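[1] sequence and predicted model, in that order:
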Number of protein chains: 2
Amino acid sequence: MFRELHRSSHSFARTGELTTPHGVVYTPAFVGVATRASIKAVEPEILTGLGIEMVISNAYHLHLRPGEDVVAQLGGLHAFSGWRGPTMTDSGGFQVFSLGAGKEHGVGKVASVFPGSAPEVPRRSGGRGLVRLSEEGAAFRSILDGSSHLFTPESVMTIERKLGADIILPLDECTSPLHDYAYTRDAMERTHRWARRATAAFRLLADDPTFPNPSQALFGIVQGGAYEDLRRESARVIGEMGFDGFAVGGSLGRSKDDMAHVLDWTVPQLPTNRPRHLLGIGEIEDIFACVERGIDTFDCAAPTRMARNGTVFLKGAPRHRINLRNATFRTDDRPIDPTCDCPTCRSHSRGYLQHLCRSGELSYYRLATIHNLRFLVKLLDDVRAAVASERLPNLAREWDVTPA
Amino acid sequence: MFRELHRSSHSFARTGELTTPHGVVYTPAFVGVATRASIKAVEPEILTGLGIEMVISNAYHLHLRPGEDVVAQLGGLHAFSGWRGPTMTDSGGFQVFSLGAGKEHGVGKVASVFPGSAPEVPRRSGGRGLVRLSEEGAAFRSILDGSSHLFTPESVMTIERKLGADIILPLDECTSPLHDYAYTRDAMERTHRWARRATAAFRLLADDPTFPNPSQALFGIVQGGAYEDLRRESARVIGEMGFDGFAVGGSLGRSKDDMAHVLDWTVPQLPTNRPRHLLGIGEIEDIFACVERGIDTFDCAAPTRMARNGTVFLKGAPRHRINLRNATFRTDDRPIDPTCDCPTCRSHSRGYLQHLCRSGELSYYRLATIHNLRFLVKLLDDVRAAVASERLPNLAREWDVTPA
């Protein structure tokens, strides 16, 4: 499913062609975050025009609402959402565990599964969520209605088979930067055992004709926190399980340097003929650092969330972004970026967008999101061309990004 | 600016052609409500494709944010919003007074200007808003920041000249159904005096080259509540002031019968060679009742507000609407209306829309609004054709609307 097109002579950067049952993704590529089968504030039918090649939805969120059976009855994610292109689903391990549950339940990045505590013990998160972790899987309460749910490596495969994305990810235990070495190792080893169970379940479910997308690919998730030996071990173990591709998950440490190290330890251990996805990263400087270290695809909710908060990308501005709420844009009749070809920049001024943003007009969210998506797509086009012509460092300098 | 094309032989219904500096509106027509220079949840550039011919914005809201000077600096409403078609602005009398202020400040439809109280006395609404009414005009506090503002017939003309809509409305005092006869008469007579002052100010401002749209038309507003003699008198007085067209404003009584009576008293007093707009009405049965009584254009926020709440139009359903939140649509793979040509019905199922709606996904609001707008445009196309061929009663029966 993955073909390397060009490999850099002086880094792990590469270009490639990722073929899925719903089309080809040219890598490196940005994957749009469509958590609940919709990139927030934009309709699926505009994505192709923006150049988005793949989106990633979330099995946990879609399990809770509307439920994987509803999505399956409506023909699977592609027919359900109207987005007919390549699609991934994350398992929701992130949401069930630590970072995710902690964040969603308002307790910040502190793990809701206490570091080092023994399995089978009930663990509370912020007094609201409740996750029980065992070798079997993770039991938790719905954040929507309090109902009880059990995620096992097998049940998550069933959910994702029913959702029908082209690339699916197994249940993993996502550790946080606050977990100690011992707990991170325990969790990693459990994640490896779960990965084996997921692989078996994935194969068992392959022949069920009621599932919407029989040719799904299963990616393995590398864990191990910010610990060198664990990351190397996890990459080697997961790399040998026959997965169709890989995702780098879990804690990437506490700084951009930590993230770079994690990738430096991980990527060389993985089979080179398989695609590598990075979960949840998308700052401009991160993009360069990740591509240099061999990441093919990555997703991040930040660019669309930033847009909704008023922050839009503009090359050359400080950190390549401006905040439309800034008073200097009140009567600015220029588009966000005069060189941009997105529908927003072709039709609207910074002054009008500021007015919509300040007024809380719903049309604002879509217009700003469209610009940020298109900006990233074009940046990745440039990154791809730069890798192919061995000019990535030049492009990084042009973007004022210091090589990590 | 208005040319009657066909007049019904048995009612006041008619078709017409309303020419503005930014294009022609074929009447009867639905006018989209773009209070803050944006129809909520949809981008201006899609409106032409939906068949929307005219939008109405609100001088009061745009005065408070971003301010008429900002809009003027950005080239007036057309350049500001990117909607290049025919545009009206309401003065905001409704928002400043009674119904409007009461509603916005959470005190319901009870007037914030107490019925019968003498001018110049401070009047409180819900402890928050504050409107001082005098012969000069109305002083009020901004709902955004508490700042003080004075609306006079003259200042509102300046605001609307700067906004630059094609059709503008003068400041009026909008009375509520709870105002008694004496107060309604007082307010009507004051509105007439204000109309004369507005006309004078409008002419004085005609030659200022700094305004974005020199060929604006000024419509007069008929008041008089639900009192027959007042409505007849107001229509006659306003009708003789040389306005380019007319709007029926204020209280239309407490029932659909009352509304019909108000129109029966009003329309025959108005010059037939001028267009007649009805402010704030848009239920399907109201459309038929109003067109039969000679209304050419009307605006209503209800169809777009309903859409955001989950209610979308479907001919033949009870009241020609369905609620997408209804459990029966959970796995319904049909579009809202299989015969509809709107982008939403061409791309999405009721099941997906329900999911987006229940999940609070921002993309939902746009998709549902687009359908309801397109539905009304098509209904008005049919109404127009029916009037032209003397078949409006047949169409009303087809829509199961009882003639009022």
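    Received it, and whenever you're ready, just let me know what you need.
[2] show me the contacts for the closest residue to chain B within the stretch 101-250 of chain A.
    Closest residue of the stretch 101-250 of chain A to chain B, Cβ to the nearest Cβ: residue A:144 (9.4 Å). In this view, the C-beta of every residue, glycine as well, is placed from N, C-alpha and C. Applying Cβ atoms under 8 Å, 6 or more residues apart in numbering or on different chains to residue A:144 gives the contacts A:64, A:65.
[3] confirm it sits in a helix?
    No - applying DSSP: H, G, I helix; E, B strand; the rest coil, one finds residue A:144 to be coil, outside a helix.
[4] any idea of the pLDDT on it?
    Per-residue confidence (pLDDT) for residue A:144: 89.
[5] and residue A:78, which of the three is it?
    The three-state assignment at residue A:78 reads helix, by three-state DSSP.
[6] how close does the nearest residue to it once chain neighbours are set aside get to chain B?
    Excluding the flanking residues, the one nearest residue A:78 by Cβ to Cβ, 6 or more residues apart in numbering or on different chains is residue A:84, at 5.4 Å. Per Cβ to the nearest Cβ, to the nearest Å, residue A:84 is found 10 Å from chain B.
[7] helix or strand: which one has residue A:84?
    Residue A:84 belongs to no helix or strand when elements are defined using DSSP states H and E.
[8] got the contact list for it?
    A:22, A:23, A:78.
[9] by neighbour count, which of those residues wins?
    The residue in these with the most neighbours, by other Cβ atoms under 10 Å in any protein chain shown, is residue A:78 (23 neighbours).
[10] wouldn't that one be in contact with residue A:22 here?
    Yes - between residue A:78 and residue A:22 there is a contact at 6.2 Å, judged by Cβ atoms under 8 Å.
[11] tell me which parts of the stretch 301-404 of chain A are close to chain B?
    Those residues of the stretch 301-404 of chain A that sit near chain B, judged by Cβ under 8 Å from any Cβ of the partner chain, are A:330-331, A:333, A:343, A:347-349, A:351-352, A:354-356, A:358-359, A:361-363, A:365-367.
[12] what does the stretch 51-200 of chain A give?
    Contact residues (Cβ under 8 Å from any Cβ) of the stretch 51-200 of chain A with chain B: A:65, A:66, A:70, A:73, A:74, A:75, A:79, A:80, A:81, A:82.
[13] redo the residues you listed as a markdown table? Include pLDDT, neighbour count and secondary structure.
    Formatted as a markdown table, those follow (pLDDT from 0 to 100; neighbours: other Cβ atoms under 10 Å in any protein chain shown; DSSP: H, G, I helix; E, B strand; the rest coil):
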| residue | pLDDT | neighbour count | secondary structure |
| --- | --- | --- | --- |
| A:65 | 97 | 14 | coil |
| A:66 | 98 | 23 | coil |
| A:70 | 98 | 18 | helix |
| A:73 | 97 | 19 | helix |
| A:74 | 98 | 22 | coil |
| A:75 | 97 | 16 | coil |
| A:79 | 98 | 19 | helix |
| A:80 | 98 | 27 | helix |
| A:81 | 98 | 30 | helix |
| A:82 | 97 | 19 | coil |
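[14] need the contact list for residue A:9.
    Contacts of residue A:9 by Cβ under 8 Å, 6+ apart are residue A:390.
[15] is it true that residue A:222 touches residue A:231?
    Yes - applying Cβ under 8 Å, one finds residue A:222 in contact with residue A:231, separated by 6.9 Å.
[16] after the helix or strand where residue A:344 lies, which helix or strand is next?
    Assigned by DSSP H and E, residue A:344 falls within helix A:343-347. Next along the chain after helix A:343-347, taking DSSP H and E as the criterion, comes helix A:350-359.
[17] what lies in contact with that next one?
    The contact list for helix A:350-359 (Cβ under 8 Å, 6+ apart) reads A:310, A:312, A:324-326, A:329-336, A:344, A:361, A:363-364, A:367-368, B:36-38, B:65-66, B:70, B:73-74, B:80-82.
[18] which of those residues are buried?
    A:310, A:312, A:324, A:329-332, A:335-336, A:344, A:361, A:363-364, A:367-368, B:36-38, B:66, B:70, B:73-74, B:80-82 (16 or more other Cβ atoms under 10 Å in any protein chain shown).
[19] tell me where the stretch 101-250 of chain A has strands.
    Using DSSP state E, counting those that start in this stretch, the strands of the stretch 101-250 of chain A run over residues A:122-125, A:129-133, A:138-141, A:148-151, A:167-168, A:217-222, A:245-248.
[20] dump those to JSON lines, plus mean neighbour count and mean pLDDT.
    Converted to JSON lines, those look like this (neighbours: other Cβ atoms under 10 Å in any protein chain shown; pLDDT from 0 to 100):
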{"stretch": "strand A:122-125", "mean neighbour count": "17", "mean pLDDT": "40"}
{"stretch": "strand A:129-133", "mean neighbour count": "21", "mean pLDDT": "77"}
{"stretch": "strand A:138-141", "mean neighbour count": "21", "mean pLDDT": "90"}
{"stretch": "strand A:148-151", "mean neighbour count": "16", "mean pLDDT": "94"}
{"stretch": "strand A:167-168", "mean neighbour count": "27", "mean pLDDT": "98"}
{"stretch": "strand A:217-222", "mean neighbour count": "26", "mean pLDDT": "98"}
{"stretch": "strand A:245-248", "mean neighbour count": "27", "mean pLDDT": "97"}
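[21] could you count how many residues lie near residue A:318?
    8.
[22] distance check, it against chain B.
    Applying Cβ to the nearest Cβ to residue A:318 and chain B gives a distance of 25 Å.
[23] quick one, longest helix in chain A?
    If you go by DSSP state H, chain A has its longest helix at helix A:362-388.
[24] chain center to that helix: distance?
    Distance of helix A:362-388 from the chain centroid (Cα atoms, centre = their mean, to the nearest Å) equals 16 Å.
[25] pLDDT on it, on average?
    98.
[26] show me what counts as buried in that helix.
    A:362-380, A:383-384, A:386-387.
[27] you'd agree residue A:295 is up against residue A:278?
    Yes - using Cβ under 8 Å, residue A:295 is in contact with residue A:278, at 4.6 Å.
[28] more crowded one of those two?
    A direct count of neighbours by other Cβ under 10 Å for residue A:295 and residue A:278 places residue A:278 higher, at 29 against 26.
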